[in-house]
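Colleague: Below are the sequence and a predicted model for it; my questions follow.
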Amino acid sequence: MNIKGQHNKSNHCRRYFCIMSLNRKNILHVVFLLCGQIAFVGAWSQPILKSELVVKKSDEVIVGAQRTALYMPMLANKKVAIAGNHTSLIGHKHLVDSLLLLGVQIKKVFSPEHGFRGDADAGEHVTTTTDAQTGIPIISLYGKNKKPTDAQLADIDIVVFDMQDVGARFYTYISTMTYIMDACSRLGKKVIILDRPNPNGHYIDGPILEEKYKSFVGLHPVPVVHGMTIGEYACMVSEEGWLESGKKCDLTIIECEKYDHKTLYELPVKPSPNLGAMPAIYLYPSLCFFEGTVMSVGRGTDKPFQVVGHPSLKETPFSFTPRSIPGAAKNPKYEGKTCYGYDLSTFGEAYIRDLGTIYLFWLIDLYQRYENKSEFFTSYFNTLAGTDKLKSDIIAGKSEEQIRHSWKEGIDRFKKIRKKYLLYTDFE
């Protein structure tokens, strides 16, 4: 593997990191939910202190795609496929358009969940088609065809992967990347990852995925929040032998500049239709669990992944009514019905992002409030959690602190693996 950027080339995924010291102590935090004044007290064993974090706008960071001088020589006279979507930008111009102007032979585009232009609902079948702007064939890697076939790669020398991830295990772009790497490793095709910052790259949290819960929303034994860029994650997947082919991928990472894991990177465009605001991106690792319950996470509202509720919870302080929104929530849960719950955006973006943790309080609280508890969880919950233990612990009445403590051993093991593949200064 090769890393291109501020470091020298290497035949293996280089391991650049700097361990920064933090005071280790539990932080007790109290949150008051609107007029209900419900106190939330939780402990977290790995705090990220606000003073250690630096907010950066997108124009303050140089992403891998912008560093064309590093990867254009590798594309010369090659037949190229782009694995990308609407986030694959160089400035305000799409990567495909930019590379075509530079003379790159782009034979096809592989598109992920939400489609090449990012306008498909979550879980919606995305068809194979042709890009209207360029005439380039677009091959969907969502639905039945999640991995490029041998035939689809036969006329390709290099796959360039460029998508904005959000740093959560169940966000499917890393699964698409893994399947591309696996297919390419079997056929001896090269993969270039144009790295981008992880907006949730300043902490690690959540249960480790167990093998029996492996799925498209979780392929690897990592916590829900892994604290890695997509380039670092790709190095780990290849070098740890996690590809089904059993081979390593011929992989080159084009690094970001002016980014590290203390950077709070503000995305220039929404990475998917229902993550349109930074508070939603910070709340996503906590609220996505609700997708495996009877609760609504606000799909079909102006605040998806910032509100949560159910039609039966009328004693809670906030209400919202999901509606059909083409391209974001065509048929949302509880469409046209008033849901009652919490508006979590009222905590403020700075509070949500800076503490650096998955919040379980809302999940535990709404489970306890919901009358028919046997119906609260759906079969999808354990798939999202990557384990059946979180569900059983909530049903058993365990506290957030007890549940979080059960994650520590797995997180500590993962951190030792992760450390080997970091390309940027870490937050510890």
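Modeller: Nice, I can see it. Numbers count the residues shown, from 1 in each chain.

Colleague: Got the domain ranges for this structure?
Modeller: 2-11+58-265, 275-401 (automatic domain parsing).

Colleague: For residue 416, find the nearest of those.
Modeller: Comparing those against residue 416 with CB to CB, the closest turns out to be domain 2-11+58-265 (11.5 Å). Where C-beta positions appear, they are placed from N, C-alpha and C, glycine not excepted.

Colleague: same question for that closest one, mean pLDDT?
Modeller: Averaged over domain 2-11+58-265, pLDDT sits at 91.

Colleague: Just the endpoints, please. Distance across that domain?
Modeller: 25 Å (CA to CA, to the nearest Å).

Colleague: what about it, distance to the chain center?
Modeller: Domain 2-11+58-265 sits 12 Å away from the centroid of its parent chain (CA atoms, centre = their mean, to the nearest Å).

Colleague: now the longest helix seen in the chain: how far from the chain's centre is it?
Modeller: Counting residues, the longest helix found in the chain (DSSP state H) is helix 400-419. Relative to the centre of its chain, helix 400-419 is centred 19 Å away, using CA atoms, centre = their mean.

Colleague: Buried residues, it. List them.
Modeller: The neighbour-count check on helix 400-419 (16 or more other CB atoms under 10 Å) flags 400, 403-404, 407, 410-411, 414-415, 418 as buried.

Colleague: As JSON lines, the domains of the chain with distance to residue 427 would be great.
Modeller: Converted to JSON lines, the domains of the chain look like this (distance: least, CB to CB, whole Å):
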{"stretch": "domain 2-11+58-265", "distance to residue 427": "5"}
{"stretch": "domain 275-401", "distance to residue 427": "8"}
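
Colleague: ok so, going back, got the buried residues of helix 400-419 as CSV, with pLDDT columns?
Modeller: Listed next are the buried residues of helix 400-419 as CSV, based on pLDDT from 0 to 100:
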residue, pLDDT
400, 96
403, 98
404, 96
407, 98
410, 98
411, 98
414, 98
415, 98
418, 98
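
Colleague: Find the pair from those with maximum spatial separation.
Modeller: The distance between the two most remote of those (CB to CB) is 23.9 Å, for 400 and 418.

Colleague: where do the helices sit along the protein?
Modeller: With DSSP H as the criterion, the chain has helices at 68-75, 95-101, 150-153, 173-187, 230-239, 278-287, 349-355, 361-369, 380-385, 389-395, 400-419.

Colleague: partner residues bridging residue 140?
Modeller: Beta-bridge partners for residue 140, by DSSP bridges, are residue 111.

Colleague: okay but it is in contact with residue 108, surely?
Modeller: No: Residue 140 is beyond contact range of residue 108, at 11.2 Å (criterion: CB atoms under 8 Å).

Colleague: quick one: residue 388 from residue 381, how far?
Modeller: Here residue 388 is placed at a distance of 9 Å from residue 381 (CB to CB, to the nearest Å).

Colleague: Those two: who's more crowded?
Modeller: Using other CB atoms under 10 Å as the criterion, residue 388 and residue 381 rank with residue 381 on top: 19 against 14.

Colleague: Read off the pLDDT value for the more buried one.
Modeller: 98.

Colleague: in terms of contact, does it touch residue 389 like I think?
Modeller: No: the criterion here is CB under 8 Å, and residue 381 misses it with residue 389 at 11.6 Å.

Colleague: For those two, list the residues in contact with both.
Modeller: Common neighbours of residue 381 and residue 389 are not found (criterion: CB atoms under 8 Å, 6 or more residues apart in numbering).

Colleague: May I see the helices of the chain arranged in CSV, with distance to residue 62 as well?
Modeller: As requested, the helices of the chain are exported to CSV (distance: least, CB to CB, whole Å):
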stretch, distance to residue 62
helix 68-75, 11
helix 95-101, 15
helix 150-153, 30
helix 173-187, 21
helix 230-239, 14
helix 278-287, 20
helix 349-355, 22
helix 361-369, 37
helix 380-385, 34
helix 389-395, 38
helix 400-419, 24
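
Colleague: Residue 293 is nearest to which of those?
Modeller: The closest of those to residue 293 is helix 380-385. By CB to CB, the value is 6.3 Å.

Colleague: Go through that closest one and flag the buried ones.
Modeller: By 16+ other CB under 10 Å, the buried positions in helix 380-385 come out as 381-385.

Colleague: which strands and helices sit next to it?
Modeller: Counting contacts by 3 or more CB pairs under 8 Å, 6 or more residues apart in numbering; DSSP states H and E, helix 380-385 packs against helix 389-395.

Colleague: The helix it packs on: how far from the chain's middle?
Modeller: Taking CA atoms, centre = their mean, one finds helix 389-395 lying 24 Å from the centre of the chain it belongs to.

Colleague: by contact count, what packs against that helix?
Modeller: On a contact count with 3+ CB pairs under 8 Å, 6+ apart, helix 389-395 meets helix 361-369, helix 380-385, helix 400-419.

Colleague: That one: which residues count as buried?
Modeller: Neighbour-count burial for helix 389-395, counted by 16+ other CB under 10 Å, picks out 389-391, 393-394.

Colleague: what's in contact with that helix?
Modeller: In contact with helix 389-395 (CB under 8 Å, 6+ apart) are residues 207, 289, 363-364, 367, 373, 377, 381-382, 385, 402-403, 406.

Colleague: That one - what's its average pLDDT?
Modeller: Mean predicted lDDT for helix 389-395 stands at 98.

Colleague: could you dump it to CSV, C-alpha only?
Modeller: C-alpha atoms of helix 389-395 as CSV (Å, rounded to 0.1, in the frame of the first residue of the first chain):
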residue,chain,number,x,y,z
LYS,A,389,-26.4,-7.4,24.2
LEU,A,390,-27.4,-3.7,23.9
LYS,A,391,-31.1,-4.7,23.5
SER,A,392,-30.9,-7.2,26.3
ASP,A,393,-29.2,-4.7,28.6
ILE,A,394,-31.9,-2.1,28.0
ILE,A,395,-34.7,-4.6,28.6
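
Colleague: with the buried residues of helix 380-385 in mind, which one is nearest to residue 72?
Modeller: So of the buried residues of helix 380-385, ranked by how close each gets to residue 72 (CB to CB), first place is residue 384, at 39.6 Å.
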